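Peer 1: Next one to model:
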Amino acid sequence: MSEAPTTVATICQTLNARITAGEFAVGGKLPSERALSEQFATTRITLQEALGQLEAQGVIYRQVRRGWFISPPRLIYNPLQRSHFHAMAQQQGRAAHTEAIDSTVVTLDAPLAGRLALPPGAEAYRIRRLRYIDGRAVLYCEHYLNPAYFPGILDEDLTQSLTALYAARYGIHYGRVRFDMLPTLLPQQAAAMLKVTYGSPALFITRVNRDQHDRVIDCDLEYWRYDALHIDVEAQ
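Peer 2: Numbering: from 1, shown residues only. Below is the predicted model of the structure:
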């Protein structure tokens with residue numbers, strides 16, 4: 001009598017146990033799908049369904065044309081704390097760095113203009129950046145700045161903390177902030193930058209910042225890898 005085929009649940013349980021036992025280092029790569037199919041004596045379709053379930057649980061992640069990797073711990077993010085990205089990572093013992101993709105002057109559409117309290121068709125500075133934790137790209141961000149408050153900022157080193165740059169060069173400090181958080185699917189630009197499949201799940205955060213004088217100074221559109229972030233808020 002032939003053995004029963006390996007089920008998706010069995011593959012998930014077995015791989016999860018092996019990962020938990022430390023068989024693969026954090027950030028390490030899983031064997032190829034072909035090798036795993038042979039190990040479990042199953043079809044690629046069944047294996048891919050199991051890997052997809054583990055990915056949905058944040059246990060593993062896939063990089064386009066590179067394969068499957070073990071997910072590192074999520075970054076704990078409290079929107080009520082005004083700590084910037086690099087400081088937040090450092091406080092949690094993680095290594096962070098930022099890559100500036102480009103910066104330019106753009107004409108705002110109506111929704112973005114409204115967020116910045118500017119008329120439709122007004123111009124703003126746009127800064128696009130990719131942010132990394134422990135060498136993995138986890139956040140694609142578009143910053144839209146009111147140019148009236150930040151003359152010459154596009155000539156600065158935009159890999160540094162904008163929070164620190166605002167304070168050091170312009171004497172501007174963050175005041176009130178409005179957050180919107182929604183689960184979404186990655187648009188093509190963000191997916192390409194994060195090296196994941198177009199349409200992968202993500203957390204989309206829109207942040208509108210005011211300064212110490214209650215002026216709207218910028219708006220951030222953040223696309224986070226859904227398996228990279230843990231939102232943790234304690235209100236008093």
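Peer 1: Show me which residues of stretch 137-147 are buried.
Peer 2: Ala137, Val138, Leu139, Tyr140, Cys141, Glu142, His143, Tyr144, Leu145, Asn146 (16 or more other CB atoms under 10 Å). C-betas here are computed from N, CA, C, even on glycine.
Peer 1: Let me know the closest of those residues to Thr163.
Peer 2: Comparing the buried residues of stretch 137-147 against Thr163 with CB to CB places His143 closest, at 11.2 Å.
Peer 1: That closest one contacts Glu222, doesn't it?
Peer 2: No. Here His143 lies out of contact with Glu222, judged by CB atoms under 8 Å, at a distance of 9.3 Å.
Peer 1: so how far is the first residue of stretch 38-47 from its last?
Peer 2: This stretch, stretch 38-47, spans 10 Å end to end (CA to CA, to the nearest Å).
Peer 1: can you check stretch 74-82 too?
Peer 2: 19 Å.
Peer 1: can you tell me how far Pro147 sits from Thr104?
Peer 2: As defined by CB to CB, to the nearest Å, Pro147 lies at a distance of 11 Å from Thr104.
Peer 1: coming back round to it: nearest to Leu203 among the buried residues of stretch 137-147?
Peer 2: For the buried residues of stretch 137-147, the nearest to Leu203 is Leu139 (9.6 Å; CB to CB).
Peer 1: how about that closest one, phi and psi?
Peer 2: phi -140, psi 120 (degrees, to the nearest 10).
Peer 1: Pairing partners for the closest residue to it other than its chain neighbours in the sheet, please.
Peer 2: In space, and not counting its chain neighbours, Leu139 is closest to Arg131: 4.1 Å by CB to CB, 6 or more residues apart in numbering. Taking DSSP bridges as the rule, Arg131 bridges to Thr98, Leu139.
Peer 1: and Arg131, how many residues sit next to it?
Peer 2: Per other CB atoms under 10 Å, the neighbour tally for Arg131 reads 20.
Peer 1: How about Gln189?
Peer 2: 14.
Peer 1: Could you look up the SS state of it?
Peer 2: At Gln189 the chain is in helix, as set by DSSP: H, G, I helix; E, B strand; the rest coil.
Peer 1: do you know how far it is from His84?
Peer 2: Gln189 is 23 Å from His84, by CB to CB.
Peer 1: same thing with Asp102?
Peer 2: 21 Å.
Peer 1: what about those two, which has more around it?
Peer 2: His84 (15 against 10).
Peer 1: And for the lowest-mean-pLDDT helix or strand in the chain, what's in contact with it?
Peer 2: Least confident element among the helices and strands of the chain, by mean pLDDT, DSSP states H and E: strand 60-63 (a mean of 81). With contacts defined as CB atoms under 8 Å, 6 or more residues apart in numbering, strand 60-63 is touched by 15, 19, 30, 51, 54-55, 68-71, 195-197, 225, 227.
Peer 1: ok, of the residues you listed, which one's closest to Phe179?
Peer 2: Arg225 (18.1 Å).
Peer 1: Hmm, His143 and the residue nearest to Leu139 touching each other?
Peer 2: No. Using CB under 8 Å, Arg131 is not in contact with His143; the gap is 11.4 Å.
Peer 1: Check which residues of stretch 151-168 are buried.
Peer 2: Ile153, Leu154, Glu156, Leu158, Leu162, Thr163, Leu165, Tyr166.
Peer 1: Include secondary structure, distance to Ala95 and pLDDT when you put the residues you listed into JSON lines, please.
Peer 2: Converted to JSON lines, the buried residues of stretch 151-168 look like this (DSSP: H, G, I helix; E, B strand; the rest coil; distance: CB to CB, whole Å; pLDDT from 0 to 100):
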{"residue": "Ile153", "secondary structure": "helix", "distance to Ala95": "26", "pLDDT": "98"}
{"residue": "Leu154", "secondary structure": "helix", "distance to Ala95": "27", "pLDDT": "97"}
{"residue": "Glu156", "secondary structure": "coil", "distance to Ala95": "23", "pLDDT": "97"}
{"residue": "Leu158", "secondary structure": "coil", "distance to Ala95": "19", "pLDDT": "97"}
{"residue": "Leu162", "secondary structure": "helix", "distance to Ala95": "19", "pLDDT": "94"}
{"residue": "Thr163", "secondary structure": "helix", "distance to Ala95": "19", "pLDDT": "92"}
{"residue": "Leu165", "secondary structure": "helix", "distance to Ala95": "21", "pLDDT": "96"}
{"residue": "Tyr166", "secondary structure": "helix", "distance to Ala95": "24", "pLDDT": "97"}
